[in-house]
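>>> Fold the stuff below for me.
(2 chains)
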Amino acid sequence: MHILGLSCFYHDAAAVILRDGLLVAAAEEERFSRKKHDNRYPTHAIRFCLQQAGIAASDLEYVVFYEKPFVKFERIVKSTLQTVPRSLRLFREAMGSWLVDKLWIQELIRQDLGLPGDRILFADHHQSHAASAFYCSPFDEAAVLTLDGVGEWSCGTIGWGRGSALHLSHEIRFPHSLGLLYSTFTAFLGFEVNEGEYKVMGMAPYGTPRYVDKIRRIVRIYDDGSLWLDLRYFAFHRSSERSFSRKFLDLFGPPRDPSRADQLDPAYCDVAASIQEVAETAIVTMARQALQSSGMERLCYAGGVALNSVANWRILQETPAKALFVQPAAGDSGGALGAALYVYHGLLNRPRRFVMEHAYWGAEASEGQIVGFLQQSGIPFERFERQDALLDRAVELLKDGRVVGWLQGRFEWGPRALGNRSILADPRNPQMKEIVNRKIKFREPFRPFAPSVLAEAGSRYFELPERSRLAARFMLVVPPIRPERHAEIPAVTHVDGTGRLQLVEESVNPLYTALIRRFEQATGVPVLLNTSFNLKGEPIVNTPQEAHATFQRSEMDALVMGPCLVEKRIGA
Amino acid sequence: MPRGWDGVRGRLSVAGSLFRFLWMYRLWWMIPLVSVLLVFGALLLVAQQSAIAPFIYTLF
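Residues are numbered from 1 along each chain as shown, chains lettered A, B, ... in the order given. All right, here's what the predicted structure looks like:
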């Protein structure tokens, strides 16, 4: 039985395909269309999934969309009408996109895939998030928490899963949304909503949370995990241009100029620290409530807010959770996966067979394709017959302070590069953070880089309890680096002494493990600086062509693709 | 999306589902509003896709 899951029209469009409950392929549309956060109907991702499964569209038993358009339409009509006349513009814009595209998703799928209407299903947005976390986890039973901006009506849910059953027992409804609260501050701090939230999180350690009391005036957080926003301070429910109101500006002052996005103004750093602190408090309270109300010991967590890896660490520190599983594509793209899994387990009641051990579900370039591209393009390269020799050469380059692009195997599912589409560098070099930020990634200099650490060495470098290992596999927690190690790996040690680590396991990625192991043999440090293989504002690369173009447009020193090494000649 | 009668029939089917949804969830008050919106939506689509676009545009 093949089930295709789809998400599109809001944030990141994606497609996934299951065969008899096992994941075959999953990819965001942006990787193919080359448009960052592409939210259009995922034509390319669908074709990739069908090709990977080796089937035609007519072989699909079901296609499932990750949310219910009619319920969402109802919410948008109701909530905008409540704030007329101020929301008239928002209403007009929303109706434009709804009447042209969003309402007709069933028809769009039917026409594209040639399937009858009764094989096209719709799952609830937060049910999809919950399913993406629980059904991918290794737990037989677990509490479930979902948090994002907004789905149909829900902005967050709490529930539980056991076997194939998944039940959501509590919800927070629009407009009282933790995700939208965080996004409002993201906009206030001069970053792009749905893109700059990571930057707020990275900026927070540079500030002091001295505005917490002020933020507590506009949001109330209750012990049962619910929250309430004072809507006089917000405009996201009635404006398409601004998410905060004039009253908000009276309280926090003028918004930060977006053109100063790479500056660390102390007052704005304090705002970032404060909203991060408030968000963490709310998330921990909700996680605690999810565990308590379900009576379960483990927690599965998804939704865009679950990508706040600093808050995830606090969940592990401050709740009784014995383990935490966060699905790597926790945002809307992951909804496609959850929707497909929900149909298979929740609706069809089929037993669970799948655990997401890794995130490598995207497209792959074969050795022949890589070599063929390099030869046809006349690019000088060195081909290594023996893997050992390739790894030795890559380590030599890294050890010499070179920055290396690394393209191997299938690309990652979700926003993190986990060693298959990565830019790698030596974490021991104190200058490396600035070099990679300014010369290669062209991004804000204060943003930290992640360390990839051999799983067996994780506790040597990080204060890492066993219960955090699952989340650390997908770079979704930010634990403290042991103080005695700060000087050893300065390029991946953030200003507050933490690091968003990726634990690398041999069973999951043998080649990347072998590379780090060789780096350890050469330097004594089992850690590499790992950042996603893209430039600012671009999606992570997919093909060798894209990898080489990115390599050329940046000051990266070398590029390893499959068994081939391309080096940039000095002065070239 | 392909045009033609099949596309129109498909859209009418989705519109029917939408009205059934509104009826089932007792959102009767939304039915007139949604009807007007759908007519506007149809005009928008026609305007995007056909040669009569300039004439519709002048109506608004």
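
>>> drop to CA atoms for contacts and neighbour counts, all remaining ones
OK.

>>> which residues of chain A score low on pLDDT?
Scanning chain A with the threshold set as pLDDT under 70 gives A:570-572.

>>> Chain B contacts on that one?
Contact residues (C-alpha under 8 Å from any C-alpha of the partner chain) of chain A with chain B: A:70, A:95-96, A:99-100, A:103-104, A:106-108, A:111-112.

>>> try it again with 6 Å
A:99, A:107 (C-alpha under 6 Å from any C-alpha of the partner chain).

>>> Find the closest residue to chain B in chain A.
In chain A, the residue that lies nearest chain B is residue A:99 (5.0 Å; C-alpha to the nearest C-alpha).

>>> can you tell me which residues contact that residue?
Residues counted as contacts of residue A:99 (C-alpha atoms under 6 Å, 6 or more residues apart in numbering or on different chains) are residue B:41.

>>> What are the buried residues along the helix or strand hosting it?
Using DSSP states H and E, residue A:99 maps to helix A:88-100. Buried residues in helix A:88-100, defined by neighbour count with 16 or more other C-alpha atoms under 10 Å in any protein chain shown: A:88-91, A:94-96, A:98-99.

>>> again with stretch A:505-515
So, applying 16+ other C-alpha under 10 Å, buried residues of stretch A:505-515: A:505, A:509, A:511-515.

>>> Can you give the distance of it from its chain's centre?
Computed by C-alpha atoms, centre = their mean, to the nearest Å, the chain-centroid distance of stretch A:505-515 equals 22 Å.

>>> Name the surrounding residues that touch that stretch.
A:391, A:455.

>>> try 10 Å this time
A:357-360, A:387-388, A:390-392, A:394-395, A:406, A:408-409, A:418-420, A:452-456, A:473, A:503-504, A:517-521, A:526-528 (C-alpha atoms under 10 Å, 6 or more residues apart in numbering or on different chains).

>>> These in helices, which ones?
A:387-388, A:390-392, A:394-395, A:473, A:517-521 (DSSP state H).

>>> Pipe those into a markdown table and attach neighbour count per row.
Listed next are the ones in helices among the contacts of stretch A:505-515 as a markdown table, based on neighbours: other C-alpha atoms under 10 Å in any protein chain shown:
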| residue | neighbour count |
| --- | --- |
| A:387 | 14 |
| A:388 | 13 |
| A:390 | 20 |
| A:391 | 22 |
| A:392 | 15 |
| A:394 | 25 |
| A:395 | 25 |
| A:473 | 25 |
| A:517 | 21 |
| A:518 | 20 |
| A:519 | 23 |
| A:520 | 16 |
| A:521 | 12 |
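
>>> Take the buried residues of stretch A:505-515 and write them to CSV, including secondary structure.
As requested, the buried residues of stretch A:505-515 are exported to CSV (DSSP: H, G, I helix; E, B strand; the rest coil):
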residue, secondary structure
A:505, coil
A:509, coil
A:511, helix
A:512, helix
A:513, helix
A:514, helix
A:515, helix
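
>>> and which of the ones in helices among the contacts of stretch A:505-515 is nearest to residue A:343?
residue A:473 (26.9 Å; C-alpha to C-alpha).

>>> who's in contact with that closest one?
Taking C-alpha under 10 Å, 6+ apart, one finds A:325-326, A:328, A:357-359, A:418, A:452-453, A:455, A:501-505, A:508 in contact with residue A:473.

>>> Now the element after the biggest helix by length in chain A, going C-ward?
Looking across chain A with DSSP H, the single longest helix is helix A:266-294. Next helix or strand after helix A:266-294 toward the C-terminus (DSSP H and E): strand A:298-302.

>>> Hmm, residue A:485 is touching residue A:462, no?
Yes: with contacts counted by C-alpha atoms under 10 Å, residue A:485 reaches residue A:462, the gap being 8.5 Å.

>>> The nearest residue to residue A:184 once chain neighbours are set aside - how many residues pack around it?
Excluding the flanking residues, the one nearest residue A:184 by C-alpha to C-alpha, 6 or more residues apart in numbering or on different chains is residue A:243, at 5.3 Å. Applying other C-alpha atoms under 10 Å in any protein chain shown, we find 22 residues neighbouring residue A:243.

>>> okay but residue A:243 is in contact with residue A:181, surely?
Yes: the pair residue A:243 and residue A:181 qualifies as a contact (C-alpha under 10 Å) at a distance of 8.9 Å.

>>> Are there residues contacting both of these two? Which ones?
A:234, A:236.

>>> roughly how far out does stretch A:273-281 sit from the chain middle?
19 Å.

>>> Please read the previous query as pertaining to stretch A:338-357.
Distance, centroid of stretch A:338-357 to centroid of chain: 21 Å (C-alpha atoms, centre = their mean).

>>> What's the end-to-end length of that stretch?
Across its full length, stretch A:338-357 reaches 16 Å end to end, with C-alpha to C-alpha, to the nearest Å as the criterion.

>>> now stretch A:232-251
12 Å.

>>> Contacts for that stretch, please.
A:76, A:79-91, A:93-94, A:174-175, A:180-181, A:183-188, A:193, A:211, A:214-215, A:217-219, A:231, A:252-255.

>>> Now with 8 Å, please.
Outside stretch A:232-251, the residues that touch it by C-alpha atoms under 8 Å, 6 or more residues apart in numbering or on different chains are A:79-80, A:83, A:86-87, A:89-90, A:175, A:180, A:183-184, A:187-188, A:214, A:218, A:255.

>>> which residues touch residue A:27?
Contact partners of residue A:27, counting by C-alpha under 8 Å, 6+ apart, are A:14-16, A:45, A:49, A:361-363, A:412-414.

>>> Skip the chain neighbours and tell me the closest residue to the residue in chain B that chain A sits nearest to.
Across chain B, no residue is closer to chain A than residue B:41, which sits at 5.0 Å (C-alpha to the nearest C-alpha). Closest residue in space to residue B:41, ignoring its immediate chain neighbours: residue A:99 at 5.0 Å, by C-alpha to C-alpha, 6+ apart.

>>> Could you give the number of residues near residue 18?
Using chain A. With other C-alpha under 10 Å as criterion, residue A:18 counts 23.

>>> not what I meant, chain B
19.

>>> Ok, residue A:269 next?
Counted with other C-alpha under 10 Å, residue A:269 comes out at 21.

>>> Same check on residue A:44?
17.

>>> measure it to residue A:413 for me?
Taken as C-alpha to C-alpha, the span from residue A:44 to residue A:413 is 15 Å.

>>> next one: residue A:160
Taking C-alpha to C-alpha, one finds residue A:160 at 25 Å from residue A:413.

>>> What count of nearby residues applies to residue 10?
Let's take chain A. 14.

>>> other chain: chain B
The burial count for residue B:10: 18, using other C-alpha under 10 Å.

>>> Would you mind confirming that it is in contact with residue A:105?
No: applying C-alpha atoms under 8 Å as the test, residue B:10 and residue A:105 come out as separate, 10.7 Å apart.

>>> Between the two, which contacts overlap?
With C-alpha under 8 Å, 6+ apart as the test, residue B:10 and residue A:105 reach no residue in common.

>>> Can you classify the residue lying closest to residue A:357 once chain neighbours are set aside as helix, strand or coil?
Distances taken as C-alpha to C-alpha, 6+ apart put residue A:508 closest to residue A:357, at 7.0 Å, once the chain neighbours are dropped. Under three-state DSSP, residue A:508 falls in the coil class.

>>> Residue ranges of each domain in chain A, please.
A:2-136+A:329-356, A:178-325, A:362-567 (automatic domain parsing).

>>> closest to residue B:20 out of the ones you listed?
So among these, domain A:2-136+A:329-356 is nearest, using C-alpha to C-alpha, at 10.4 Å.

>>> Nice, that's everything, thank you.
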